[in-house]
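> Fold the following, please.
(chains A and B)
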Amino acid sequence: MDKRRSELNIEGVRHTLAHVLAEAVLKKFPKAKLGIGPVIESGFYYDFLLLRPLSPDDLKEIEGEMRGIIKRGFKIVGKKVTPAEAKKLFKDQPFKLELVKDFIKEKKQLTVYYTEPGVFYDLCKGGHVKNSSEINPDAFKLNKVAGAYWKGIEKNKMLTRIYGLAFETKKELDSHLTMLAEAEKRDHRRLGRELDLFTQSDLVGAGLPLFTPKGALIREILEDYVGKLNKKYGYQKVWIPHITKPELYKVSGHWEKFKDDLFHVKGGTDEFVLKPMNCPHHTQIYASRPRSYKDLPIKYFETTTVYRNEQSGELGGLTRVRSITQDDGHTFLREGQIEEEISRMLEMQSKILSAVGFNDYWIRLSLRNPKNKKMYLGDDKTWDKAQKIMADILKKKKIEFKSAEGEAAFYGPKMDLMIRDSLGREWQVSTIQLDFNMPYRFSLTYTDENGEKQTPVMIHRAFMGSTERFIGILIEHFAGAFPLWLAPVQVALLSINDKVKEYCLQIIRELHKENLRVWLDDRNETLGKKIREAELQKIPYILVIGEKEKSSGLINVRERGIKEQKTIKLDEFIKNMSLKEKAA
RNA sequence: GCCGAAGUAGCUCAGCGGUAGAGCAACUCUUUCGUAAAGAGUAGGUCGUGGGUUCAAAUCCCACCUUCGGCUCCA
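Below you'll find the predicted structure:
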């Protein structure tokens, strides 16, 4: 079977399994109401309205029932039906009935599928296998249950969604399960604890991670690196307080949209809010004195934390938090300078991402939703202009991108950089946002060459996005084995006995002179145990120091992941290390 | 916020109406060791928090907090 046919077939298998799932659930719960059941990556799901929650045992039973249905064998038959027939068939299925009515309104052809006439009908446009023999009953597994709103709308009823994994062969299913187990091992929440990078406290609260010394060190290294790069590109560091009067956001437009997601701070009779973003503050630095066209572009930058009252159910690990640190920059410029500035931003972006080892990413051009213009500030003309400028830059630079309507910020279009993590999830990290609206709302001006007042354009940009989330993604990307320049501990020094301690201290002094981060393990433990622990901590270099090294003046080096050791001079080791650091 | 699952020692987990358990980690002692776990001992818990039921609650019920899987949202 060629690849194309194989892909078609697995889609068909997954789609058919969704129907089989619905049939099995109806058999067990005859009163269940059916939602929809599409194919997704690696499997399928189906939504049901049930009278009680499902237990893992229920899931196993349903899975068994599905196997029974497949093993008994069936053919899938499609049949076009009239609106009246469809309404009659689904008279006890309110969600299906709703879909039938939607389709009638859209004048769509109604098709039903069934395995045996009279037993089980499902509303469906097709795309199945023809015969149950095409489905391997051992190559699927119902793997989780979750709630989901009918039609994905928050106001609608919450249905029970059953997820399944499905492949053509059991081998593929098993390797997928192994992959999931692997992914779990590199889950940043687990590694964060094991490598002692960050923690959480019930007393501090949800979505407010605390960084331990090692995690804080990684933050510092990243911030230093990004800070230096910003300086190189002409950004000036600014500083703003973390609270403000609400008026600031009433002017910017954020208040109207996000006031329920802000943390409110009271001091006596005064009311403040914690800043949920930095751009309005930065506009006030721009506005603090008159600006000439000769000053532009003006580029402000700082790494600072914002606070957003994210929905409690959304919080988790470092990837969605309420205290979000951004490497945030705002550039104020003239329209004619946009292309050059965005080009430089794209350059910075690729420098930062390749420095930390991300090469698999793509750009999403996030546009306004043309069907819901009320959600955005500004007029059509401005939006069309802004969106065209961004698309043209990407086209001119021959950067591949996908447009996404409805993903823009409420003040302007964005270039969002999407990367993939080890769990296959896509994350937005960097963002570059073109904003013609906010400068206008804040009445920002500069004087042009004719002595006339003009409104500048503003570009918002962040490359790591959120430091917390970025570190979370990095932890998973490297499975905790950070490259040398990011590793909180770069060298572990293991002493074999107490007699060599003085020699160890001597080595540490030399390594410290080179600003290397060293940890001495002189505990009264066996060498095997010390090595095991240093390896589990994923420390890049392990030096074993005993009598042999002391008398020869050499060191014994074990590189992360490599069992064979090298015995070399300390100078040589230091030289290699600094070469590697520079390369990174 | 919504649907569901869960919270017992630092970590992983057992106990599921009758005065709280294991392994690893920690600490002490012995051992001073050559490339992924030395041995013995000691200590450690208002069983997430607060209410309730009961002669008796880690165990049953309620509320809240936190975590996890999804949904929705994301400046």
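
> ok, for the residue in the stretch 451-584 of chain A that RNA strand B sits nearest to, nearest residue in space, not its chain neighbours?
Of all residues in the stretch 451-584 of chain A, residue A:546 sits closest to RNA strand B, with a separation of 2.4 Å (C-beta to the nearest atom of the strand). Using the backbone N, CA and C atoms, a C-beta is placed for each residue, glycine as well. With sequence-adjacent residues excluded and distances taken as C-beta to C-beta, 6 or more residues apart in numbering, residue A:546 is closest to residue A:496, at 3.5 Å.

> if I pick the one you found, what's in contact with it?
Neighbouring residues of residue A:496 by C-beta atoms under 8 Å, 6 or more residues apart in numbering: A:527, A:544, A:545, A:546, A:547.

> OK, contacts around the residue of the stretch 451-584 of chain A closest to RNA strand B?
With C-beta under 8 Å, 6+ apart, residue A:546 has these contacts: A:495, A:496, A:497, A:500, A:556.

> Equivalent analysis for residue A:477, please.
A:356, A:357, A:358, A:421, A:422.

> any idea how far residue A:156 is from it?
Residue A:477 sits 37 Å away from residue A:156, going by C-beta to C-beta, to the nearest Å.

> one step back: I'd like the contacts of residue A:477 laid out as JSON lines, including secondary structure and pLDDT.
Output for those, formatted as JSON lines (DSSP: H, G, I helix; E, B strand; the rest coil; pLDDT from 0 to 100):
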{"residue": "A:356", "secondary structure": "coil", "pLDDT": "91"}
{"residue": "A:357", "secondary structure": "coil", "pLDDT": "86"}
{"residue": "A:358", "secondary structure": "coil", "pLDDT": "87"}
{"residue": "A:421", "secondary structure": "coil", "pLDDT": "70"}
{"residue": "A:422", "secondary structure": "coil", "pLDDT": "66"}
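
> picking that back up, in helices only, show me the contacts of residue A:496.
Judged by DSSP state H, the contacts of residue A:496 include A:527, A:547 as members of helices.

> Quick check: the farthest pair among the contacts of residue A:496?
The largest distance within these, taken as C-beta to C-beta, falls between A:527 and A:547 and amounts to 12.5 Å.

> Neighbour count and distance to RNA strand B added to the contacts of residue A:477, as CSV?
As requested, the contacts of residue A:477 are exported to CSV (neighbours: other C-beta atoms under 10 Å; distance: C-beta to the nearest atom of the strand, whole Å):
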residue, neighbour count, distance to RNA strand B
A:356, 20, 22
A:357, 14, 21
A:358, 20, 20
A:421, 20, 12
A:422, 18, 13
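
> Would you pull up how far the helix or strand where residue A:162 lies lies from the middle of the chain?
Taking DSSP states H and E as the criterion, residue A:162 maps to strand A:158-166. Distance, stretch centre to chain centre, for strand A:158-166: 22 Å (C-alpha atoms, centre = their mean, to the nearest Å).

> same check, this time on stretch A:448-462
Stretch A:448-462 has its C-alpha centroid displaced from the chain centroid by 33 Å (C-alpha atoms, centre = their mean).

> Next, the buried residues of it.
A:454, A:455, A:456, A:457, A:458, A:459, A:460, A:461, A:462 (16 or more other C-beta atoms under 10 Å).

> ok, so what distance separates the fourth one from residue A:439?
According to C-beta to C-beta, residue A:457 and residue A:439 sit 7 Å apart.

> tell me, what's touching the two both at once?
With C-beta under 8 Å, 6+ apart as the test, residue A:457 and residue A:439 both reach residue A:332.

> what two of the buried residues of stretch A:448-462 have the greatest distance between them?
A:454 and A:462 (26.5 Å).

> mind checking the SS state of residue A:345?
Here residue A:345 is helix, with the state taken from DSSP: H, G, I helix; E, B strand; the rest coil.

> nope, residue A:566 is what I meant
strand.

> Who is the closest residue to it other than its chain neighbours paired with across the strands?
Closest residue to residue A:566 apart from its sequence neighbours, by C-beta to C-beta, 6+ apart: residue A:557 at 4.9 Å. Note on residue A:557: beta-bridge partners residue A:543, residue A:566, judged by DSSP bridges.

> Per-residue pLDDT of the residue in the stretch 1-150 of chain A positioned nearest to RNA strand B, please?
Ranked by C-beta to the nearest atom of the strand, the top residue of the stretch 1-150 of chain A for proximity to RNA strand B is residue A:147, at 2.6 Å. Looking at residue A:147, its pLDDT is 93.

> for RNA strand B, what are the nearby residues on the stretch 1-150 of chain A?
Within the stretch 1-150 of chain A, the positions lying close to RNA strand B (C-beta under 7 Å from any atom of the strand) are A:53, A:54, A:55, A:144, A:145, A:146, A:147, A:148, A:149.

> so the fifth one is in which element?
Assessed by DSSP H and E, residue A:145 sits inside strand A:140-149.
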